[in-house]
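J.: Pasted the sequence and its predicted model underneath.
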Amino acid sequence: MFKRSVLAFALVLTITVGGVNLTRASADEISQMKAKSDFEKVKNWQEQVSPVVSDEIKKEFSEDADAFFDQAAYYYDINDTDNQKVVFIVDKTDTKQMQDIRKDLESALGTKVKFKTAKHNPKYLRDTTDDVAKYVDKLTTEDHQVGYDLQNETITVKANLTAEQIANLNTKFPDVLTITNDPVKASTTSHTRDYPFNNLGGGIQIGIDNVGNSNLVDYEQFTSGFIAVKNNQAFMVTTGHGLKHASSTNSTYNAINGGSTYGTRMIGYQHWSGYNATSQYDLGLIRLTNTADWVNSRFYTMNNGGDIDGQLTHWISSTDVVPGLAVNKSGNMTGITGGYVNQPILYVTYGDSFSVKTIEIPVKDGLGFVGSNGNQYMCAGGDSGSTVYTASGYKLVGIESGGGIEYLDAQKKLDLFETMFATPAYDMQKFFSSAFDQYTSTNDSPLSGLQG
């Protein structure tokens, strides 16, 4: 049974009381109320539908995402929030797996699911997006973006290219490219959150001292995303770009405690960063070694202060990171913001000679942080490493890496971004093996018991 949300529209009404005008709601407030109501509808609808779709795909393909993508892909059509649909783009309609999926989902979801024939094989498009990104990295040193537009079954390229370079691209990758030949303003990594505690989870401000003293000003600061474990060792997962300037492989990291007086406490040392031309994966690991600390699987769900209260569940598969998926971000600078996945794969550059793989998530107007100009933003400098999770079920999607479409808010002293780029969590085991996994226990664990 699908729940229906009721939207109570506020009237724009001005009442004069004792010579004072009282406006009940402005047009902007009404727009924000509708956006929040629509987001809640999508969240509630996906809470009902997502497990059905995900379980059906797992039943037919187990954990083999490539096998699924070789036959189909899907997305959420949320243009009409009162008539949402799961849309499957199917390349191989005659296989037993796809016939079973169609039969089971049409039985379970009825008109809520739709199947259409693919123009291109989804796995080919996903794989080719990686190849195009590497090729464009070699074509230009200017900032650029390469993404997989699942709904339109095309690979998008935004870059400042010559006519010859465009011709070469279309020759090398025929019939699948949509090229926008414009300079791309450099995307920006961002750095975040402070709170004084020794129970480590998502959203804690951390930093590295590159000059060898305890002066906080000398720290390069970023934030934690979540905790992972391997062979009874605990790691803090954060952004790879935050670790790239470390003075040595064993550089130590500190939790930076907030409040009226700042202080630091060593939590561990650098273990690995994927922010490079080889890995192209903006994720980093800090090996946690302070046995006075504890670890948990929680994150902030409130904008201001309070305990880390959100129970994070295991990351979602690449098969379920799809256009229309409702997600939230919990960040120090811009708090809880919301939006929908647009391109499930988008390679972006941050001013370096290589691109990194991300998920593109534009802000949903009415669910963003409001800048001094009145516009809505998804994230800001100071949010990097923030937990990115599904609005329904608090499933880990990844961590905030950076943002695009920038506004420098001088009044609020923030570097704001309309679009967030998130590093997907589902790729972690490609780099660390299946023994490396997200810490999901609902029990807090002392680090003294997680030292290998």
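T.: Looks like it came in fine.

J.: switch to C-alpha atoms for all contacts and neighbour counts from now on
T.: Will do.

J.: quick one: residue 229 and residue 115, what's the gap?
T.: As judged by C-alpha to C-alpha, to the nearest Å, residue 229 and residue 115 stand 39 Å apart.

J.: Show me which of those two is the more surrounded one.
T.: Ranked by neighbour count (other C-alpha atoms under 10 Å), residue 229 and residue 115 place residue 229 first, with 19 against 15.

J.: phi, psi of the more buried one?
T.: When read as degrees, to the nearest 10, the backbone of residue 229 gives phi -130, psi 150.

J.: gap between it and residue 388?
T.: From residue 229 across to residue 388, the span is 19 Å (C-alpha to C-alpha).

J.: Check residue 275 too.
T.: 19 Å.

J.: if you count what's nearby, which of the two comes out ahead?
T.: Using other C-alpha under 10 Å as the criterion, residue 275 and residue 388 rank with residue 388 on top: 30 against 21.

J.: Who's the closest spatial neighbour of that one, skipping the chain neighbours?
T.: residue 329 (4.6 Å; C-alpha to C-alpha, 6 or more residues apart in numbering).

J.: Against residue 415, how distant is that neighbour?
T.: 16 Å.

J.: Looking at the two, which has the bigger crowd around it?
T.: Ranked by neighbour count (other C-alpha under 10 Å), residue 329 and residue 415 place residue 329 first, with 30 against 20.

J.: where does the more buried one land in three-state SS?
T.: At residue 329, secondary structure determined by DSSP: H, G, I helix; E, B strand; the rest coil is strand.

J.: That one against residue 391, yeah?
T.: No: using C-alpha atoms under 8 Å, residue 329 makes no contact with residue 391, being 9.1 Å away.

J.: can you pull out the helices in this protein?
T.: 27-61, 65-69, 96-109, 122-139, 163-172, 428-432 (DSSP state H).

J.: and these as a markdown table, adding mean pLDDT and distance to residue 86?
T.: Output for these, formatted as a markdown table (pLDDT from 0 to 100; distance: least, C-alpha to C-alpha, whole Å):
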| stretch | mean pLDDT | distance to residue 86 |
| --- | --- | --- |
| helix 27-61 | 91 | 8 |
| helix 65-69 | 97 | 16 |
| helix 96-109 | 98 | 9 |
| helix 122-139 | 96 | 16 |
| helix 163-172 | 96 | 32 |
| helix 428-432 | 89 | 27 |
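
J.: Go through the ones you listed and name the closest to residue 269.
T.: helix 428-432 (17.5 Å; C-alpha to C-alpha).

J.: Show residues contacting the closest one.
T.: Identification of contacts with helix 428-432 by C-alpha atoms under 8 Å, 6 or more residues apart in numbering yields 435, 436, 437.

J.: what residues are up against the last one?
T.: Contacts for residue 437 (C-alpha under 8 Å, 6+ apart) come out as 228, 229, 230, 429.

J.: Out of those, which comes closest to residue 88?
T.: Nearest to residue 88 among these, counting by C-alpha to C-alpha, is residue 429 at 26.8 Å.

J.: Show me what residue 438 bridges to in the sheet.
T.: residue 228 (DSSP bridges).

J.: how many other residues sit next to it?
T.: Other residues near residue 438 number 22, with proximity taken as other C-alpha under 10 Å.

J.: One more: residue 450?
T.: Neighbour tally, residue 450, other C-alpha under 10 Å: 19.

J.: One more: residue 281?
T.: Using other C-alpha under 10 Å: residue 281 sits among 25 other residues.

J.: Kindly report the same for residue 399.
T.: Close neighbours of residue 399, defined as other C-alpha under 10 Å, add up to 32.

J.: quick one: pLDDT of it?
T.: In this model, residue 399 is scored at 95, pLDDT.

J.: Unless I'm misreading it, it sits right up against residue 379, doesn't it?
T.: No: if you go by C-alpha under 8 Å, residue 399 and residue 379 don't touch, sitting 11.8 Å apart.

J.: Any idea which helix or strand in the protein has the lowest mean pLDDT?
T.: With mean pLDDT, DSSP states H and E as the measure, the helix or strand of the chain carrying the lowest mean pLDDT is strand 14-17 (a mean of 37).

J.: gap between stretch 156-169 and the chain center?
T.: Distance, stretch centre to chain centre, for stretch 156-169: 28 Å (C-alpha atoms, centre = their mean, to the nearest Å).

J.: Can I get that stretch in PDB? Just the C-alpha atoms.
T.: Provided in PDB are the C-alpha atoms of stretch 156-169 (Å, rounded to 0.1, in the frame of the first residue of the first chain):
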ATOM      1  CA  THR A 156      27.800  13.800 -21.600                       C
ATOM      2  CA  VAL A 157      31.100  15.700 -22.200                       C
ATOM      3  CA  LYS A 158      31.500  19.300 -21.000                       C
ATOM      4  CA  ALA A 159      34.900  20.700 -22.000                       C
ATOM      5  CA  ASN A 160      36.600  23.500 -23.900                       C
ATOM      6  CA  LEU A 161      37.700  21.500 -27.000                       C
ATOM      7  CA  THR A 162      38.800  22.200 -30.500                       C
ATOM      8  CA  ALA A 163      36.800  21.100 -33.500                       C
ATOM      9  CA  GLU A 164      39.400  18.500 -34.300                       C
ATOM     10  CA  GLN A 165      39.300  17.100 -30.700                       C
ATOM     11  CA  ILE A 166      35.500  16.900 -30.900                       C
ATOM     12  CA  ALA A 167      35.700  15.100 -34.200                       C
ATOM     13  CA  ASN A 168      38.200  12.600 -32.800                       C
ATOM     14  CA  LEU A 169      35.900  12.000 -29.800                       C
END
